[in-house]
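Student: sequence and predicted model, in that order:
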Amino acid sequence: MSWAGKILRVNLTAGTITSEPLNKAWARDYIGSRGLGTKYFVSEVDPKVDPLAVENKIIWATGPLTGTMASTGGRYTVITKGPLTGAIACSNSGGYWGAELKMAGWDMVIFEGKSPKPVYLVINDDVAELRDASHLWGQTVWKTEEIIKNQLQDPLVRVSSIGQAGENEVLYAAIVNDLHRAAGRSGVGAVMGSKNLKAIAVRGTKGVGNIRDPKGFMQAVKEKKKILAENAVTGQGLPTYGTQVLMNVINEVGALPTRNHRDVQFEGAKDISAEAMATPRESDGKKHLVTNQACFGCTIACGRVSKIDETHFTVKNKPEYWGANGGLEYEAAWALGAANGVNDLEALQYANLLCNEYGMDPISFGATIGAVMELYEMGVLTKEQIGIDAPFGSAAALAAFAEMTGKGEGFGKEIGLGSARLTKKYGHPDLSMSVKGQEFPAYDGRVIQGIGLAYATSNRGACHLRGYTIASEVLGIPVKTEPTESAGKPELVKAFQDATAAFDSSGLCVFTTFAWGVADLAPQLQAACDASYTTEELEKIGERIWNMEREFNNAAGFTPKDDSLPKRLLTEAAKTGPGKGMVSQLPEMLPKYYAVRGWDKEGRPTKETKARLGL
């Protein structure tokens, strides 16, 4: 069995650390990572808890395939109640940290209580201790990692930490590992900061053993890696262009939300695309993109490493930003760029670097700036209030807002509330492009009907990675569906949501699903863990996880009114592109989705559904 079989429980209030055996029955029923971590969380935490209160808990969880030779086996998940949404928060990250925790012999770490002073946790295989972090408090993510590695005298230590955004409880603060991989969404970093927990440093030298059938596992992994290599997306598109390959594609489809969703196509998309990143600059003749990069065990390597233009106004006198560093992914490039009408690639990279450095979700940050710029253009916000002229398209405003939000200065404190609270405060709540308080990602739900339904019903607020129907609706994977059609989308969304829950829980990356289905995950889990993990069983487990998350949200006070979209998407038609004249058909799709899910009209799983899923 490829679970480590142990969890670490840290009581920050008492300063105690204990080891517990993993609940094997739960592991069997919820796999690991997202599913198993959430099972522990909902079993221990009151759904009505204040996310920033001492009573909330936060869990770092790996999956049974994390740290193994399975492709993309570097993922881990952070589970808590999110301060941005008040809903279940489950944020996934890559890099190397997750594999390191597993190799140290732990499936998950559960933090409870609140430390009276800043601390960080050091894990070295079986030994774990809390250390004073007073000298780290106030430091960036980058500096924190550097100091910890120097203190521990070990360059191979992996660090998962918060920057000033988490300390200041920015409601979309991220938890960052390996400098630029992040558990990014829903404000998990703010929960970490509320507990005076600065970082977790891990060194694991045990490796991952206990594979049920080593030969069978090696054979299954080999076969599945071949599928990834031969697939056009995972074998060519993502390695070459990264997720940024989508910028021009989604713009042409007419589904690139622009200027706070006022428009669905951005005239500057080509300037901030993957192709632009790979084109030599006029200023210095160098390409923005340096190379691609892979997380632990990944054969796809979609990550970007970029080098900013040293002459750009944002970094002219800041040599600390001149080196090669984490580059723009599609979601960040959209949120910092098209969402605000900014087509300055270097300004986007600078804001992206600050999000990594201070520990902020670039999607929520960028989308909140979109709302700020609209309020500014309406005259609701003034230069005197916000400190700078901020019309749509202002790269200078984008850069300034990133600095002030990361540091918690001036109007940055307001931006750190997220768009839902900010727009409500200034009398225009309809200008927040969010669901359950969490900002939309980079696809317009008017033109791509399925993704709009996926946003509305996502358990953690608006999210593309809970059911990436873009694969089907735009890319034709595994089958092509018409994006502007609403028929069949409730079934499509449910299928994607359930399958994704299973993949997330395994410890593998959801990007494998461009080439794999659940039938490709099954033999890997069967050989590693449990022979009963058939395709049908994994689909059922995914559905069980989805309904468990839903039950938590329902108990927290969410209702069908929260399964909605902003007024703009329901009443203001797309102005251009193939979906011109379209609005979201959510009112028509939502009741059908509830029925397909086996929920009543109030969005609650029926007794029959719960009995079938063993909830």
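Tutor: Looks like it arrived, so ask away.

Student: what's the helix or strand for residue 323?
Tutor: Using DSSP states H and E, residue 323 sits in no helix or strand.

Student: once you drop chain neighbours, what's closest to it?
Tutor: residue 307 (7.1 Å; CB to CB, 6 or more residues apart in numbering). Any C-beta I mention is one placed from the backbone N, CA and C, and that applies to glycine too.

Student: do I have it right that residue 592 meets residue 488?
Tutor: No: checked against CB atoms under 8 Å, the pair residue 592 and residue 488 is beyond contact range at 9.5 Å.

Student: wait, doesn't the residue nearest to residue 323 sit right on residue 322?
Tutor: Yes: contact criterion CB under 8 Å: residue 307 and residue 322 qualify, at 7.4 Å.

Student: more neighbours, these two?
Tutor: Each of residue 307 and residue 322 has its neighbours counted (other CB atoms under 10 Å); residue 307 has more, 19 against 12.

Student: that one and residue 346, how far apart?
Tutor: Here the criterion is CB to CB, to the nearest Å. By it, residue 307 lies 10 Å from residue 346.

Student: shared neighbours, the two?
Tutor: Shared contacts of residue 307 and residue 346 (CB atoms under 8 Å, 6 or more residues apart in numbering): residue 288.

Student: was I right about residue 437 contacting residue 51?
Tutor: No: counting by CB under 8 Å, residue 437 does not reach residue 51; the two are 11.0 Å apart.

Student: mind listing the shared neighbours of these two?
Tutor: Shared contacts of residue 437 and residue 51, defined by CB under 8 Å, 6+ apart, are found at residue 86.

Student: dump stretch 38-49 to PDB, keeping only the CA atoms.
Tutor: Provided in PDB are the C-alpha atoms of stretch 38-49 (Å, rounded to 0.1, in the frame of the first residue of the first chain):
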ATOM      1  CA  THR A  38     -11.200  16.800   3.500                       C
ATOM      2  CA  LYS A  39     -12.700  13.700   5.200                       C
ATOM      3  CA  TYR A  40     -10.400  14.400   8.200                       C
ATOM      4  CA  PHE A  41     -11.300  18.100   8.100                       C
ATOM      5  CA  VAL A  42     -15.100  17.800   8.000                       C
ATOM      6  CA  SER A  43     -14.900  15.200  10.700                       C
ATOM      7  CA  GLU A  44     -13.100  17.500  13.100                       C
ATOM      8  CA  VAL A  45     -14.200  21.100  12.300                       C
ATOM      9  CA  ASP A  46     -17.600  22.800  12.800                       C
ATOM     10  CA  PRO A  47     -18.800  24.000   9.400                       C
ATOM     11  CA  LYS A  48     -19.900  27.300  10.900                       C
ATOM     12  CA  VAL A  49     -16.400  28.200  12.300                       C
END
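
Student: quick check: buried residues in it?
Tutor: 38, 39, 40, 41, 42, 45, 47, 49 (16 or more other CB atoms under 10 Å).

Student: tell me if the fifth one really is in a strand.
Tutor: No: for residue 42, which was evaluated using DSSP: H, G, I helix; E, B strand; the rest coil, the result is helix, with no strand membership.

Student: per-residue pLDDT, it?
Tutor: Per-residue confidence (pLDDT) for residue 42: 98.

Student: so what's it closest to, chain neighbours aside?
Tutor: residue 552 (4.8 Å).

Student: how near is the residue nearest to residue 323 to residue 293?
Tutor: Counting by CB to CB, the gap from residue 307 to residue 293 is 13 Å.

Student: could you do residue 503 as well?
Tutor: 21 Å.

Student: who's more crowded, the two?
Tutor: Of the pair residue 503 and residue 293, residue 503 is the one with more neighbours under other CB under 10 Å, namely 28 against 19.

Student: what's near enough to touch that one?
Tutor: Taking CB under 8 Å, 6+ apart as the criterion, residue 503 is in contact with 509, 510, 512, 513, 518, 521.

Student: got the contact list for the second one?
Tutor: With contacts taken as CB under 8 Å, 6+ apart, residue 510 has the following neighbours: 92, 465, 468, 500, 503, 504.

Student: got JSON lines for these, with secondary structure too?
Tutor: Listed next are the contacts of residue 510 as JSON lines, based on three-state DSSP:
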{"residue": "92", "secondary structure": "strand"}
{"residue": "465", "secondary structure": "coil"}
{"residue": "468", "secondary structure": "coil"}
{"residue": "500", "secondary structure": "helix"}
{"residue": "503", "secondary structure": "helix"}
{"residue": "504", "secondary structure": "helix"}
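
Student: if we take the residues you listed, which one ends up nearest to residue 370?
Tutor: Relative to residue 370, the closest of those is residue 465; by CB to CB it sits at 20.2 Å.
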